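S.K.: A predicted structure for the sequence below; I have some questions about it.
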Amino acid sequence: MLASIIASGLAVGAVYALIGVTYNTMFSASRVMSFTAGQLGMLGGVFGSLFVLRLGLPLVVGLMLMLVCCAIVGLITEFIAVRPVLKSLDQHLYVLSTLALALMIQQVVAVEWSTEPQAFPRVFGIGGGGILDEKFWLPVLTCAVTICALELLYRRTLTGLAFLAIAEDNFAARALGLPERNLRMASYALAGMIGGLAGFSGGQLLLAFVANGPLLNFYGFVPVALGGLGNNRGAIVGGFALGLFQQAANFLVGGIFSSVAVFMLFIVVLLAAPRGLFGGHLARRV
Amino acid sequence: MPISAAEPLLDIRGLEAGYGKIAVLHGVDMTIGAGEVVTLLGPNGAGKTTLLRAISGLVPWNAGGVTFAGLNLAGIGPRETARRGLAHVIEGHRIFTNQTVTDNLLLAAYDVPRAERDARVDEALSYFPEIAAKRYDRGSTLSGGQQQMLAVAQGLVRQPKLLMLDEPSAGLSPVLVDRVLAVVTKLQKTGTAVLLVEQLIEKALAVADRVYALAQGKIVLQASTDEVDLPRRLEHAYFGSEAA
Amino acid sequence: MPISSESAAGTMQEKSLAGIGSWMFAGPLILIFCLASLVPFVTNDYWVLIATRAAIYWVLVGALNLVIGFAGQLAIGYVALLTLGAYTTSVLVAGNVSPPVPVFAALAIAGVAGAIFGVIVGLPALRLRTFYFAISTLGFATIITQIALAWQSVTGGGIGLPGPEMPAPFHTHAGFYFFCLAAAGLITWMTANIAHSRFGRGLIAVRDADVAAEATGIRKARLLMTIFVFTGASAAIAGGLFAALQTYITPDAFTFDLSVLFFISILIGGRGSILGPLLGTVILTLLPEFAAPLAAWSTFLYAVLLLAIVLVAPGGIAALLDFGNRRALLANRTIVPKAALVGHLLATDKAKSGIALRGVVLSFLGVRAIDGVDLDVEAGKIHGLIGPNGSGKTTILNVISGFYGPEAGSIALGGEALKPGDSESRASQGIARTFQTPRIVGEASVLQNVMIGGTIRGQSTFVESLFCLPRHRGDERTLRSEAMTALSAVGLESLADIRADRLQHSELRFMEIARACMARPTFILLDEPAAGLSADEILRLGQFVKAISRQGTGVLLVEHHADLIFDTCDYVTVLNLGRVLAQGTPAEIRVHKEVISAYLGG
């Protein structure tokens, strides 16, 4: 039992963690939280199922296509929902524009794909369905690989340095001559791919299901709230902690009340530490 | 590109600019020649920072024109102006504290061809041995003065024709201020023009060829720094019309 | 005498303007309800049901409008309260947990439950940023549905339970329809009353200019909680009516799509409006009926509409219908304050003594912004505060206004200590201020913006405003006329009904001063009021400030413009690097060696 909780907790926690990273990547580039983060996770699963199972493409091709499609969705988010509202003084508009876009994505999938969960293909075909089945360690492996790749990007490439610069001080980066708009677009494309990977790697657990969108929006946001806005390490820790907590609650009190438990945790943490447990962003008001 | 002595490097005519509804600059005229050091003085709120931002493209204009090295800067943003040889070191020594000194300089070299980047970084650091010694340290470990030197070094990475410095002395001890201003003199010898916005009037006048004073969005004084009654004229410009 | 005939004419003009204004406001609403009452007579039962649905939605959305449209709190998951109300009413009437309760009593109990739960859902809004709060309301919606599914013994779980049956004469379709229409009308009337009260203005101030709202004494937490109680109760009652309409409810009936409909109706309608969201609700409820093949895509269409509104017309339907603000304004307007009217504005019992700061210290990120400052601002005098950039001038104002509490030292007014960090109390203690960049409500009219300044002087309670009782009407009349006097005093009376964001920068500065005067302050703190003003306007500003001080109100003036300081101030304090460098009369300061060198450096 304990092993089962740990296996599923880490697996689903890895998916939540990666969605948290998606939120953070979009936030770092634009100072905006986007409702499309969870939808990208859903699309990762749906595209995977669509390309590999329904269209019969080889797995690697399906994966590549999924990444491209999700990157495009990320770019669309930037272009339609974020860029126009960055110019306006009104703080709340980005919530509305990204919400509208997220709803549109969700509805298109619901109508054109299906409202019922659809099967997701096996990736490697390893593990017989027990605790060591690939549906448990694949998300964790993907999460680890993604984190390492991001570290390499941010520390070793000039583009990565530029992403960090934009995140730290947008104005100074502009003044220095960095191509702020292109970098923001690239960040959103990257965020799209990370979200898609989260959904693809977790596809065997969560299936290709349109309801994953709002689900991941919420559960992917909790790590961000716990770890602090823009803090990827906090999101990873928060994601795994959330996954384990949720699976434990599932086992102890049953599926329905586990979501109540998670929500209570979320509210309590936020009210106690609005900037996250690891600290986040402080701006002077006056 | 050789520019004849008659044609100024930077030519500003009737520039009006501001932030949204707030008009700050009400028709500014200014010229800077190649290799000249010009200092821009004025009381707080006069618009000095706004003028620099308007030149480099960080703030849009409402009217007027700016020409730099023969290029019309209308509608051109900071990335393009930097590429053309106009480097703007903004106020407040805002470097990227989470990154190393070298990374900060590499970022300034973003548009420089890859092969030349390291050479440019070394060249910029050669002006500031104090921070060259700390090239692998993170920006947050630098003192305020060292951060300011790093910010100026960032401007130098581009090998600009015109370097604009916005209050580089702010928050610095007198010794460090002299260090930074000494770099300005060194730059002049290499033929780089400098536009220096400053609060420390005596030090700025000592290093500059010409001076402009800006008050309430307009140029109120324009002179060569070797003119005799400059201090009195500046006091006038700062405190407005004679009171008592 | 000139002043009284001016003010008499002014009052008549105000009355007629106010009269016309309220007819323009109420007219379309009355028309809609008249048309609505014709529905059972001109259409069949099917459309009566649709109209009933729209009316029930409006009972929820009309109240939610105060939370989303006025207070700006993005409560996306409000279907949670509809669910709560529906189940509470149905369970009580069906007698699952108690003896069967009559329908109206059940509705009332549901309202109470809704009020309590509304506060719970709303509480996070006080601490969380916009996006976080939005997500938390989504969580609540999910939780409620889960509980409805799981608590089978009471709610019937997935099978559901029958909704309440209405007693005669409301059990027929038409009868029930008129009941719901009456409820919808009541909500419209009540929320319209709130919109035109200091509570409604307080909400939009909190939404768009929360720092200014604190400075004018608006208590954000109390105000928001009051609104959450009202909206929660209303939404739950709507839920009960919804259950009666459906005749049988299951958890499936309360979808996220419904929440989206409520939310988007308000935003499509336009924030700060009653008519807009009403039209929005009607349109969104009717839309799927007229485009049957689009039914599956209805949420997609709502989302497209929302996106279009956000990008193209953020003001929504209300802004499109706002013909008054399409009139072109005169291009070269000048501001001509009438200093003589200041007497009407500020007649107070004169202040006893002044503001005193002793040894105040405040740091930001380890840097001392204020490093041990002693300052005395005398009652009835104009005290200038000048100094180079970074000397701490605005920070001192912020400490006096209570936005920051000092690490050390004290602030006192008239001998009594001012509580550090308590910005919401300053207005009632007699301190008003303006800001370095005008903090105003762009979408509201100039008059409403100025009336916000008088919030603390209102007498009526929320309930009195809700039901338009005499004290509320008296408050509004008084505030309105005082605000017009204030606007006349600063010379902006011709712009009273214009949206504030159409004004020029200098006009906004004077408007802020008019707003500050509304609180009948003993001290006014002015933060760089001359920035962005032309030379003429600065002269007039100086005269106006002098008129203010002649009435006995003290002025603390932070400025860069040397002319203004030397012409108007009685006393000047010079700050440098967070410390007092020099104090004295303007003439003394003008020739003070250290001051000159601080400004000129070297």
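M.R.: Arrived safely, thanks for sending.

S.K.: Write out the residues of the stretch 101-250 of chain A neighbouring chain C.
M.R.: A:101, A:103, A:104, A:107, A:108, A:111, A:214, A:217, A:218, A:221, A:225 (CB under 8 Å from any CB of the partner chain). C-betas here are computed from N, CA, C, even on glycine.

S.K.: In TSV: those residues, plus pLDDT and distance to residue A:150.
M.R.: Output for those, formatted as TSV (pLDDT from 0 to 100; distance: CB to CB, whole Å):
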residue	pLDDT	distance to residue A:150
A:101	95	24
A:103	93	29
A:104	95	29
A:107	92	31
A:108	93	29
A:111	89	34
A:214	88	26
A:217	91	21
A:218	89	23
A:221	92	19
A:225	87	20
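
S.K.: Among those, name the ones in helices.
M.R.: Using DSSP state H, the subset of these located in helices is A:101, A:103, A:104, A:107, A:108, A:111, A:214, A:217, A:218, A:221, A:225.

S.K.: right, and residue A:218 touches residue C:136 too?
M.R.: No. At 9.4 Å, residue A:218 does not count as touching residue C:136 under the criterion of CB atoms under 8 Å.

S.K.: Which one's more surrounded, these two?
M.R.: residue C:136 (26 against 20; other CB atoms under 10 Å in any protein chain shown).

S.K.: Mind checking what secondary structure that one has?
M.R.: Secondary structure, DSSP: H, G, I helix; E, B strand; the rest coil: residue C:136 is helix.

S.K.: Identify the residues contacting it.
M.R.: Residue C:136 makes contacts with A:266, A:267, A:270, C:121, C:124, C:128, as judged by CB atoms under 8 Å, 6 or more residues apart in numbering or on different chains.

S.K.: repeat that with 10 Å
M.R.: A:218, A:221, A:225, A:263, A:266-267, A:270-271, C:75-77, C:121-125, C:128 (CB atoms under 10 Å, 6 or more residues apart in numbering or on different chains).

S.K.: Around the nearest residue to residue B:91 once chain neighbours are set aside, count how many other residues there are.
M.R.: Distances taken as CB to CB, 6 or more residues apart in numbering or on different chains put residue B:166 closest to residue B:91, at 4.0 Å, once the chain neighbours are dropped. By other CB under 10 Å, 22 other residues sit near residue B:166.

S.K.: right, and residue C:451 touches residue C:201 too?
M.R.: Yes. Contact criterion CB atoms under 10 Å: residue C:451 and residue C:201 qualify, at 6.0 Å.

S.K.: Residue of chain B closest to chain A, please.
M.R.: Chain B approaches chain A most closely through residue B:82 (3.3 Å), counting by CB to the nearest CB.

S.K.: What separation do you get for that residue and residue B:158?
M.R.: 6 Å (CB to CB, to the nearest Å).

S.K.: ok, residue C:362 touching residue C:408?
M.R.: Yes. Using CB under 10 Å, residue C:362 is in contact with residue C:408, at 8.4 Å.

S.K.: so what's the residue of chain A found nearest chain B up against?
M.R.: Residue of chain A nearest chain B, by CB to the nearest CB: residue A:177 (3.3 Å). By CB under 10 Å, 6+ apart, the contact list for residue A:177 reads B:56-57, B:77-83, B:86-88, B:107-111, B:154, B:157-158.

S.K.: Can you give me every residue that contacts the nearest residue to it once chain neighbours are set aside?
M.R.: Leaving aside its sequence neighbours, residue A:177 sits nearest to residue B:82 (CB to CB, 6+ apart; 3.3 Å). For residue B:82, the contact set (CB under 10 Å, 6+ apart) comprises A:175-178, B:56-57, B:88, B:108, B:110-111, B:155, B:157-158, B:160.

S.K.: What about those residues, which one has the most neighbours?
M.R.: Using other CB under 10 Å as the neighbour criterion, residue A:176 leads these with 31 neighbours.

S.K.: Quick check: it vs residue B:105, distance?
M.R.: The gap separating residue A:176 from residue B:105 is 10 Å, by CB to CB.

S.K.: All the strands of the chain, in order from the start?
M.R.: This is for chain A. Counting by DSSP state E, chain A has no strands to list.

S.K.: Please refer instead to chain C.
M.R.: For chain C, strands defined by DSSP E occupy the ranges C:161-162, C:248-249, C:355-364, C:367-377, C:382-386, C:408-413, C:416-417, C:431-433, C:523-527, C:554-558, C:571-576, C:579-584.

S.K.: Contacts made by the second one with the rest, please.
M.R.: Yep, that's strand C:248-249 we're talking about. Residues outside strand C:248-249 that contact it (CB under 10 Å, 6+ apart) are C:83, C:86-87, C:89-90, C:148, C:155-156, C:159-164, C:239, C:242-243.

S.K.: what's the answer for the last one, then?
M.R.: Counting contacts by CB under 10 Å, 6+ apart, the residues outside strand C:579-584 that touch it are C:357, C:368, C:370-376, C:383, C:385-388, C:391-392, C:571-576, C:588-595, C:597-598.

S.K.: and these near chain B, which?
M.R.: The subset of the contacts of strand C:579-584 within reach of chain B, by CB under 10 Å from any CB of the partner chain, is C:386, C:387, C:388, C:391, C:588, C:590, C:591, C:595, C:597, C:598.

S.K.: Smallest gap between the stretch 151-300 of chain C and chain A, at which residue?
M.R.: residue C:300 (3.9 Å).

S.K.: Distance check, that residue against chain B.
M.R.: Residue C:300 is 36 Å from chain B, where distance means CB to the nearest CB, to the nearest Å.

S.K.: Tell me the spacing between the residue lying closest to that residue once chain neighbours are set aside and residue C:260.
M.R.: Spatially, and ignoring its direct neighbours in sequence, residue C:300 is nearest to residue A:107 (3.9 Å; CB to CB, 6+ apart). Counting by CB to CB, the separation of residue A:107 from residue C:260 is 10 Å.

S.K.: Report the rounded mean pLDDT for the one helix or strand residue B:118 maps to.
M.R.: Assigned by DSSP states H and E, residue B:118 falls within helix B:114-126. Averaging pLDDT along helix B:114-126 gives 93.

S.K.: what mean pLDDT does the helix or strand following it have?
M.R.: Downstream of helix B:114-126, the next assigned helix or strand under DSSP H and E is helix B:129-132. In this model, helix B:129-132 has a mean pLDDT of 90.

S.K.: Show me which residues of whichever helix or strand comes after helix B:129-132 are buried.
M.R.: Next in sequence after helix B:129-132, counting helices and strands by DSSP H and E, comes helix B:144-157. For helix B:144-157, the neighbour count (16 or more other CB atoms under 10 Å in any protein chain shown) marks B:145-157 as buried.

S.K.: ok, now stretch C:157-170?
M.R.: By neighbour count on 16+ other CB under 10 Å, the buried set for stretch C:157-170 is C:160, C:161, C:163, C:164, C:166, C:170.

S.K.: Using a markdown table, lay out those residues together with distance to chain B and pLDDT.
M.R.: Shown next, in a markdown table, are the buried residues of stretch C:157-170 (distance: CB to the nearest CB, whole Å; pLDDT from 0 to 100):
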| residue | distance to chain B | pLDDT |
| --- | --- | --- |
| C:160 | 55 | 88 |
| C:161 | 57 | 90 |
| C:163 | 54 | 89 |
| C:164 | 55 | 91 |
| C:166 | 56 | 88 |
| C:170 | 55 | 87 |
